[in-house]
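Visitor: A structural model of the following input is requested.
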Amino acid sequence: MRDDGGASLHTSHRQLKQWAREITAAEPSFDAQKPLKWSSTPLIFDAEDHPDRTVAVGCLPLLVSPTIRNLRVNKMLVDGGAGLNLISPVVIKKLQIPDGDLEETGTFQGVNPGRSQPKGKVTLPVTFGGELNYRTERIVFDVAEIPLPYNGILGRPTLAKFMAAPHYAYNMLKMPGPLTIISVTSDKKDALICADQLYREAVAAAAAKAPAPAAEAPGGKKKPGKTSRTHSGKRTSSECCATVEDVPESSTDKSKRPRAEPPQTKKVPVREDGTGGAFTIGSTLDSK
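Guide: Have a look, this model is predicted:
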């Protein structure tokens, strides 16, 4: 999934130009060279992080359950391809945040067809880790309906703020902590539930687009329709230049060959006794 826009988008073209100057400058400014917080802490994935089961590696979503404000929110998708953070209005309602507290934000694209307009944006404290070793960062979320079985999406802005690294083969998220590395494993049950829901919705959508079956006439026979021949195992003469019986089933099947065409000419002797040679005439002409 690739979502971009919303609260993570630059606020003006002037700000974008400022970013471009800083990034492309031959000599970066002093402020641009400041090291990021937690950047000195290495994040390593090794055999100790290897899952005990390797079924469906890379197929299940990476779902985590951080504490947002004072609520543990499950089914939060970690998506490094998303350029913004999204949260469902249902979660906002459970957090008892009124719509009046939401700030104005821009549109984004990637979840729904075209561009989507969120209800607003809100900054919330997000916490990962345990009682002694935890991290809390203030994350800006766009509040929008998500046509997916998730309560929200944690995109690149969240990963950058926590200096976190996802590993999609191990389905794990790691980030620096005050005491040691904080490792967050994906919730397998939630991942299976969401994967099953996505599959069912895909099957239902495909069934809705499929053509309706032909109606049956009295007597149990199906009425002929425009699509009847598309379900037949043979093609009609209007669909190909020869009948199916004359065409090999594949390039290696030489058992079926095109019928030989009748000759277009014939030879007629010069004399009735057969002497004097012969000459060629059209097959439709009389020999005499």
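Visitor: least trustworthy helix or strand in this protein by mean pLDDT?
Guide: strand 4-5 (a mean of 50; mean pLDDT, DSSP states H and E).
Visitor: Give the next helix or strand downstream of that strand.
Guide: helix 13-24 (DSSP states H and E).
Visitor: Now that following helix: buried residues?
Guide: For helix 13-24, the buried set under the neighbour-count rule, 16 or more other C-beta atoms under 10 Å, is empty. Yep, even glycine has a C-beta here, placed from its N, CA and C like the rest.
Visitor: export it as PDB, just CAs?
Guide: The C-alpha trace of helix 13-24 is given here as PDB (Å, rounded to 0.1, in the frame of the first residue of the first chain):
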ATOM      1  CA  HIS A  13       5.400  25.200  -2.000                       C
ATOM      2  CA  ARG A  14       7.800  27.500  -0.100                       C
ATOM      3  CA  GLN A  15       8.500  24.700   2.400                       C
ATOM      4  CA  LEU A  16       9.100  22.200  -0.400                       C
ATOM      5  CA  LYS A  17      11.600  24.600  -2.000                       C
ATOM      6  CA  GLN A  18      13.300  25.000   1.400                       C
ATOM      7  CA  TRP A  19      13.600  21.200   1.700                       C
ATOM      8  CA  ALA A  20      15.000  21.000  -1.800                       C
ATOM      9  CA  ARG A  21      17.700  23.700  -1.000                       C
ATOM     10  CA  GLU A  22      18.800  21.900   2.100                       C
ATOM     11  CA  ILE A  23      18.900  18.400   0.400                       C
ATOM     12  CA  THR A  24      20.700  19.500  -2.700                       C
END
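Visitor: Leaving out chain neighbours, which residue sits closest to Thr41?
Guide: Of all residues not flanking Thr41 in the chain, Pro176 sits nearest, at 3.7 Å (C-beta to C-beta, 6 or more residues apart in numbering).
Visitor: show me where pLDDT drops low in the stretch 51-200 of the chain?
Guide: 110-114 (pLDDT under 70).
Visitor: give me that answer again for 90
Guide: Applying pLDDT under 90 to the stretch 51-200 of the chain flags residues 52-58, 81, 83, 104-119, 145-148, 198-199.
Visitor: And the strands in it, which stretches?
Guide: 63-64, 67-68, 71-72, 76-78, 86-87, 108-109, 115-116, 120-129, 134-143, 152-154, 165-167, 172-175, 182-185 (DSSP state E, counting those that start in this stretch).
Visitor: quick one: the residue lying closest to Ala82 once chain neighbours are set aside and Ile182, what's the gap?
Guide: Leaving aside its sequence neighbours, Ala82 sits nearest to Gly155 (C-beta to C-beta, 6+ apart; 3.2 Å). Going from Gly155 to Ile182 by C-beta to C-beta, to the nearest Å gives 19 Å.
Visitor: Equivalent analysis for Ala202, please.
Guide: The value you get for Ala202 to Ile182, if C-beta to C-beta is used, is 34 Å.
Visitor: of these two, who's got more company?
Guide: Ile182 (20 against 10; other C-beta atoms under 10 Å).
Visitor: Thr136 is in contact with the more buried one, correct?
Guide: No. Taking contacts as C-beta atoms under 8 Å, Ile182 lies outside contact range of Thr136: 11.3 Å.
Visitor: How many residues are close by Glu201?
Guide: 13.
Visitor: Double-check the residue nearest to Thr41 against Leu43; I have them as touching.
Guide: Yes. Contact status for Pro176 versus Leu43: in contact at 7.2 Å, counting by C-beta under 8 Å.
Visitor: residues bridging contact with these two, i.e. touching both?
Guide: Listed as contacting both Pro176 and Leu43 by C-beta atoms under 8 Å, 6 or more residues apart in numbering are Met163.
Visitor: Comparing the two, which residue is more hemmed in?
Guide: Using other C-beta under 10 Å as the criterion, Pro176 and Leu43 rank with Pro176 on top: 20 against 16.
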